[in-house]
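Participant: quick one: sequence and predicted model below, then my questions.
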Amino acid sequence: MDGKLVDWDDAKVHVLTHSLHYGLAIFEGIRCYNTKKGQAIFRLEEHVNRFFDSAHIFNMKIPFSRREIAEAIIKTVKSSGLKECYIRPLAYYGYGVMGVSPAGAPVNVVIAVWPWGAYLGEDGLKNGIRAKTSSFIRGHVNSNMSMAKVSGYYVNSQLAKQEALMLGYDEAVLLDTEGYVSEATGANIFIVRGGVIKTTPLTSILEGITRDTVMELARDAGLTVREERFTRDEIYIAQEAFLTGTAAEITPIKELDGRTLNTGKPGEITKKLQEIFFSAAKGQSKNKKHGRWLSYI
């Protein structure tokens, strides 16, 4: 917290912390994997860069450099004793002022790590999840700046997630303001039709780092990837569909809105991308390019 290691039980904030009341905090989700060469943080530089980009979009001045944040992340993972973990850097407006404007409030930075397995469950990762198109939509690009990863945006995700869970589904698919598929509550969406991989362009979605990873891995494997809009009914008739994200990794979708996708089992392209992705993330890939994504501790 703010440059110092703090015991888990002592990591506290004031009840009048500005971001707690008004929702403006910047965060990242990063994973550390246990590889044959030891612990390695996946795509650390890209996550730190997005962290600072998000802050810049909202004129939040992080009181540390990118290098200091990266080093602090490594230090926190080291001190945890965990072989594999999820990493959460968070920059927020602390206690100092009240009112909508954060002007005058200090910017605090915290980095926490904890063990976190498959976000949508091991069975979901292996066999796929059931999803529901949400009655809630992603915000318009002029109401929310989707290139930033901001805590307050996830109220929208919570509404969609709660609705999906109450209806007996695992996850929600949100549409944009024009009715095209946007993303899930915390992950990007891909579909496969006719051997072509499609994913939503950078309009109403967060620029996912796992999304970028999968696109590069797919193209390196000789697969065609297109960034273009698609509708929910195109997911119904897709041969495959899957979610990507740091927490979700690559999770297949086996059903949407009560429609089974193809055979109802993860497709060959999805399984191939999972294999390549985990090989790269866990330092097992023979492709030297993938080594640049790993920051060994």
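Facilitator: That came in fine, so what should we check first?
Participant: how close does the spatially closest residue to residue 137 that is not a sequence neighbour get to residue 152?
Facilitator: Take residue 137 and drop its neighbours on the chain: the residue closest to it by CB to CB, 6 or more residues apart in numbering is residue 175, 5.3 Å away. Bear in mind the C-beta positions are built from the backbone N, C-alpha and C, glycine included. Using CB to CB, to the nearest Å, residue 175 is found at 20 Å from residue 152.
Participant: where exactly do the strands run in the stretch 101-250 of the chain?
Facilitator: 107-114, 129-137, 171-175, 181-184, 188-193, 196-199, 224-227, 240-245, 249-256 (DSSP state E, counting those that start in this stretch).
Participant: how about those strands in JSON lines, adding distance to residue 281, mean neighbour count and mean pLDDT?
Facilitator: Below are the strands of the stretch 101-250 of the chain laid out as JSON lines (distance: least, CB to CB, whole Å; neighbours: other CB atoms under 10 Å; pLDDT from 0 to 100):
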{"stretch": "strand 107-114", "distance to residue 281": "17", "mean neighbour count": "19", "mean pLDDT": "98"}
{"stretch": "strand 129-137", "distance to residue 281": "20", "mean neighbour count": "20", "mean pLDDT": "98"}
{"stretch": "strand 171-175", "distance to residue 281": "21", "mean neighbour count": "23", "mean pLDDT": "98"}
{"stretch": "strand 181-184", "distance to residue 281": "20", "mean neighbour count": "26", "mean pLDDT": "98"}
{"stretch": "strand 188-193", "distance to residue 281": "16", "mean neighbour count": "23", "mean pLDDT": "98"}
{"stretch": "strand 196-199", "distance to residue 281": "19", "mean neighbour count": "20", "mean pLDDT": "98"}
{"stretch": "strand 224-227", "distance to residue 281": "19", "mean neighbour count": "13", "mean pLDDT": "98"}
{"stretch": "strand 240-245", "distance to residue 281": "12", "mean neighbour count": "27", "mean pLDDT": "98"}
{"stretch": "strand 249-256", "distance to residue 281": "8", "mean neighbour count": "24", "mean pLDDT": "98"}
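Participant: as a markdown table, those strands with distance to residue 76 would be great.
Facilitator: Converted to a markdown table, those look like this (distance: least, CB to CB, whole Å):
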| stretch | distance to residue 76 |
| --- | --- |
| strand 107-114 | 5 |
| strand 129-137 | 31 |
| strand 171-175 | 29 |
| strand 181-184 | 28 |
| strand 188-193 | 27 |
| strand 196-199 | 32 |
| strand 224-227 | 34 |
| strand 240-245 | 21 |
| strand 249-256 | 21 |
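Participant: and the ones you listed: which comes nearest residue 11?
Facilitator: strand 107-114 (6.9 Å; CB to CB).
Participant: bridging residues for the residue most central in space within the chain?
Facilitator: Residue closest to the average C-alpha location in the chain (CA atoms, centre = their mean): residue 245, at 4.0 Å. Under DSSP bridges, the beta-bridge partners of residue 245 are residue 249.
Participant: how about the contacts made by it?
Facilitator: The contact partners of residue 245, by CB atoms under 8 Å, 6 or more residues apart in numbering, come to 29, 119, 184, 186, 187, 188, 208, 210, 211.
Participant: farthest-apart pair in those residues, please.
Facilitator: Taking CB to CB, no two of these sit farther apart than 119 and 211, at 14.9 Å.
Participant: in terms of neighbours, single out the busier of those two.
Facilitator: A direct count of neighbours by other CB atoms under 10 Å for residue 119 and residue 211 places residue 211 higher, at 23 against 19.
Participant: check what pLDDT the more buried one gets.
Facilitator: Looking at residue 211, its pLDDT is 98.
Participant: isn't it right next to residue 188, touching?
Facilitator: Yes: the pair residue 211 and residue 188 qualifies as a contact (CB atoms under 8 Å) at a distance of 4.2 Å.
Participant: so what sits against both of these two?
Facilitator: Common neighbours of residue 211 and residue 188 (CB under 8 Å, 6+ apart) are 199, 244, 245.
Participant: residue 285 contacts residue 275, correct?
Facilitator: No: assessed by CB under 8 Å, residue 285 is found out of contact with residue 275, at 10.1 Å.
Participant: who has more neighbours, these two?
Facilitator: A side-by-side neighbour count of residue 285 and residue 275, using other CB under 10 Å, places residue 285 first with 18 against 13.
Participant: what about the closest residue to that one other than its chain neighbours, neighbour count?
Facilitator: Leaving aside its sequence neighbours, residue 285 sits nearest to residue 279 (CB to CB, 6+ apart; 4.5 Å). Here the count is done by other CB under 10 Å, and residue 279 has 15 residues near it.
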